[in-house]
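Participant: Fold the following, please.
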Amino acid sequence: MLSGLQFLKDRFVAAGDTRAIVWRDEPYSYRWLAAAMDTWRQRLDTEHLGPGDVVSLTAEFSPNAAAALLALFDRGSIVVPLTAAAAANRDEFLEIAEVGADIGLEPDDSATVTRFDRVASHPLYGTLRRRGHPGLVLFSSGSTGRSKAVLHDALRLIEKFRTVRHAKRTIAFLSFDHIGGVNTLLHVLSNGGTVVTVTERTPAAVCRSIQTHRVQVLPTSPTFLNLLLLSGALDEFDLSSLDTITYGTEAMPAGTLARLHARFPGATLLQTYGLSEVGILRSKSESSDSLWVKVGGEGIETRVVSGMLEIRSPAAMLGYLNAPSPFTGDGWFMTGDLVEERDGYVRIFGRQAEVINVGGEKVLPVEVEDVLLAMDGVADAVVYGERNAIMGQIVSARVNLTTTETVPAFKQRMAQFCRGRLRPAQIPQRVVLAAGPLHGGRFKKLRAS
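Facilitator: Numbering: from 1, shown residues only. Just a heads-up that it's a prediction; the model follows:
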């Protein structure tokens, strides 16, 4: 085993029959996981997949997916996790990452290996091969544009998990091909906790799993938490085991956080911060009902430049496979996140690319969404900018309603409600009533007009 991963194997052996993963309500122990990793190492040898090979792992969260991922890292391979949600972009992603082989896990968790006639020659892969380290390729969500292929040195990501923290039962909500999902898996398993997988990311399915397996931690997104609050599932299941709810991936509306805090007064509500490019940083919310958060961790530096957060981290990505470097000359990653700073805390307002310029006045979508979500009959809302010949841009909104209002009727009620709560430039000038969800497969709002 690679020396950088040996501590994980040692912890798995020590944990023995403790539950490592719950999949389809069946438990799999750390003893099983350690043995499955050995089986996978043997199969990788048989398949001649080893150091420096670029291998996609097409799977959802499952025991075999976890074992295969860790075995690939141990072999020094460069892993490209993919899920069913990426099916529309699959061929493009395989081409960008120069994938030479795919390990596909079937619904019964059995595996097939498919070969491709490609040579992985990207210069950044050469850096990993010279180090003798495994790699991880993640594709950004592309919610406001084309997905970027992020390449990490996997050992540098894994290194932070040497520090032992609390062992908890945690829902694997964030997807297997997302930095948050990978972080959840590594964090929980490195501490001897239990990863509880869900077959559906619906409020009812998640709540049922929390009740059945006495889950303690729910890591998710503000969009899902809003759906959860509206769903009625909170009244159908016993969620008393839940002691921590973490949220990230997008800005949290203040109103949603207030409602969540009122519904879970005994739980710790923690804002997390992370990006595909720099990993998940350690964070500390000022309080459970506050949007102010400290981010950082050992070896991580942060600064605010012109209102935007920048990060310098030893675990930052090596670079993009299909885009220019976003680092400054001295190694700071320009996140593009707009923040305010106060006494070491920051408040995150969203991406600079999402800011709407209405005749020179800047409008932050999350501030408008916060007001719209407070309206009776509004189940969800997403705000974005549209081009306008006179103002440059106007504010537009797509909304899910629980009422039967027409667009003109809703716009009239919205204008009255927003008056005094929003500046005139912030009030949506165009409204679309949407029948379907306003988020992607990662439960992050889609703002592209």
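
Participant: Could you use CA atoms for every contact and neighbour count after this?
Facilitator: OK.

Participant: And the pLDDT for Leu438?
Facilitator: With respect to pLDDT, Leu438 has a value of 89.

Participant: The chain should start at 26 in everything you say after this.
Facilitator: Taking 26 as the first residue, the last one we looked at is Leu463.

Participant: Surely it touches Asp405?
Facilitator: Yes - with contact defined as C-alpha atoms under 8 Å, Leu463 and Asp405 form a contacting pair (7.4 Å).

Participant: Return every residue with contacts to both of these two.
Facilitator: Common neighbours of Leu463 and Asp405 (criterion: C-alpha atoms under 8 Å, 6 or more residues apart in numbering): 424-425.

Participant: Same drill for the two, tell me which one is more crowded.
Facilitator: Asp405 (24 against 18; other C-alpha atoms under 10 Å).

Participant: Tell me which residues touch Ser81, please.
Facilitator: 104-107, 119, 124, 126-128.

Participant: brain fart, Ala440
Facilitator: Per C-alpha under 8 Å, 6+ apart, neighbours of Ala440: Ile452.

Participant: can you pull the pLDDT of it?
Facilitator: On the pLDDT scale, Ala440 is placed at 95.

Participant: for the one 5 residues further on, same thing?
Facilitator: According to the predicted model, the pLDDT of Gly445 comes to 93.

Participant: Kindly report the same for Ala473.
Facilitator: Confidence at Ala473, expressed as pLDDT, is 66.

Participant: cool, Phe468 as well?
Facilitator: The predicted local confidence for Phe468 is 84.

Participant: how about Phe435, phi and psi?
Facilitator: Dihedral pair for Phe435: phi -70, psi -40, per degrees, to the nearest 10.

Participant: Just the terminal-to-terminal distance for stretch 373-380.
Facilitator: 13 Å (C-alpha to C-alpha, to the nearest Å).

Participant: so how far is it from its chain's centroid?
Facilitator: 17 Å (C-alpha atoms, centre = their mean, to the nearest Å).

Participant: Give me the buried positions along that stretch.
Facilitator: Applying a neighbour-count criterion of 16 or more other C-alpha atoms under 10 Å, one finds 373-376, 379-380 buried in stretch 373-380.

Participant: What of stretch 73-80?
Facilitator: 74-80.

Participant: where do the strands sit along the stretch 226-375 of the chain?
Facilitator: Along the stretch 226-375 of the chain, counting by DSSP state E, counting those that start in this stretch, strands occupy 242-245, 269-272, 293-296, 298-300, 304-310, 317-321, 326-330, 333-337, 344-345, 358-367, 370-376.

Participant: Which among the ones you listed is found nearest to Gln236?
Facilitator: When the strands of the stretch 226-375 of the chain are compared by C-alpha to C-alpha, strand 242-245 sits nearest Gln236, at 11.9 Å.

Participant: I'd like to know which elements that closest one is packed against.
Facilitator: Applying 3 or more C-alpha pairs under 8 Å, 6 or more residues apart in numbering; DSSP states H and E, one finds that strand 242-245 contacts strand 194-196, strand 269-272.

Participant: And those: which comes nearest Leu253?
Facilitator: strand 269-272 (12.2 Å).

Participant: I'd like to know the beta-bridge partner residues of Pro244.
Facilitator: Thr271 (DSSP bridges).

Participant: Which pLDDT does the model give it?
Facilitator: 96.

Participant: now Ala110
Facilitator: Each residue has a pLDDT score; the one for Ala110 is 86.

Participant: Regarding the residue nearest to it when sequence neighbours are not counted, what is its secondary structure?
Facilitator: Computed as C-alpha to C-alpha, 6 or more residues apart in numbering, the closest residue to Ala110 that is not its neighbour in sequence is Gly466, at 6.2 Å. Of the three states, Gly466 takes coil under DSSP: H, G, I helix; E, B strand; the rest coil.

Participant: Type out the ChimeraX command that picks the buried ones from the contacts of Ser81.
Facilitator: A single ChimeraX command selects the buried members of those (16+ other C-alpha under 10 Å):
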select :104,105,106,107,119,124,126,127,128
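
Participant: Can you tell me which of the contacts of Ser81 comes closest to Arg307?
Facilitator: Pro106 (23.4 Å).

Participant: Does that closest one touch Asp202 like I think?
Facilitator: Yes - using C-alpha under 8 Å, Pro106 is in contact with Asp202, at 4.9 Å.

Participant: Give me the common contacts of those two.
Facilitator: With C-alpha under 8 Å, 6+ apart as the test, Pro106 and Asp202 both reach Leu163.

Participant: Name the nearest of the buried residues of stretch 373-380 relative to Leu149.
Facilitator: Nearest to Leu149 among the buried residues of stretch 373-380 is Arg376, at 27.1 Å by C-alpha to C-alpha.

Participant: and that closest one, what does it touch?
Facilitator: Going by C-alpha under 8 Å, 6+ apart, Arg376 touches 361-363.

Participant: would you turn the residues you listed into CSV with neighbour count?
Facilitator: Formatted as CSV, those follow (neighbours: other C-alpha atoms under 10 Å):
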residue, neighbour count
Gly361, 16
Asp362, 19
Leu363, 22
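
Participant: of the residues you listed, closest to Val175?
Facilitator: Taking C-alpha to C-alpha as the measure, Val175 lies nearest Gly361 of those, at 15.9 Å.

Participant: what's the spacing between that closest one and Asn114?
Facilitator: Distance, Gly361 to Asn114, by C-alpha to C-alpha: 25 Å.

Participant: what does Ile46 give?
Facilitator: Noted for Ile46: a distance of 29 Å to Asn114, by C-alpha to C-alpha.

Participant: same deal with Arg412?
Facilitator: Arg412 sits 28 Å away from Asn114, going by C-alpha to C-alpha.

Participant: Show me which of those two is the more surrounded one.
Facilitator: Per other C-alpha under 10 Å, whichever of Arg412 and Asn114 has more neighbours is Arg412, with 15 against 11.

Participant: Which elements pack onto the host helix or strand of the more buried one?
Facilitator: Counting by DSSP states H and E, the element that carries Arg412 is strand 403-413. Contact here means 3+ C-alpha pairs under 8 Å, 6+ apart; on that basis strand 403-413 packs against helix 247-256, strand 381-383, helix 390-398, strand 417-426.

Participant: which helices and strands sit right next to the third one?
Facilitator: This points to helix 390-398. Against helix 390-398 (3+ C-alpha pairs under 8 Å, 6+ apart) you get helix 279-288, strand 370-376, strand 403-413, helix 432-443.

Participant: Export the ones you listed as a markdown table, with columns for distance to Trp65.
Facilitator: Below are the helices and strands packed on helix 390-398 laid out as a markdown table (distance: least, C-alpha to C-alpha, whole Å):
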| stretch | distance to Trp65 |
| --- | --- |
| helix 279-288 | 42 |
| strand 370-376 | 40 |
| strand 403-413 | 44 |
| helix 432-443 | 56 |
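
Participant: Ok, which of the ones you listed comes nearest Val242?
Facilitator: Closest to Val242 of those, according to C-alpha to C-alpha: helix 279-288, at 14.6 Å.

Participant: which residues are in contact with that closest one?
Facilitator: Helix 279-288 is touched from outside by 247, 250-251, 254, 292, 294, 313-316, 395-396, 398-399, with contacts defined as C-alpha under 8 Å, 6+ apart.
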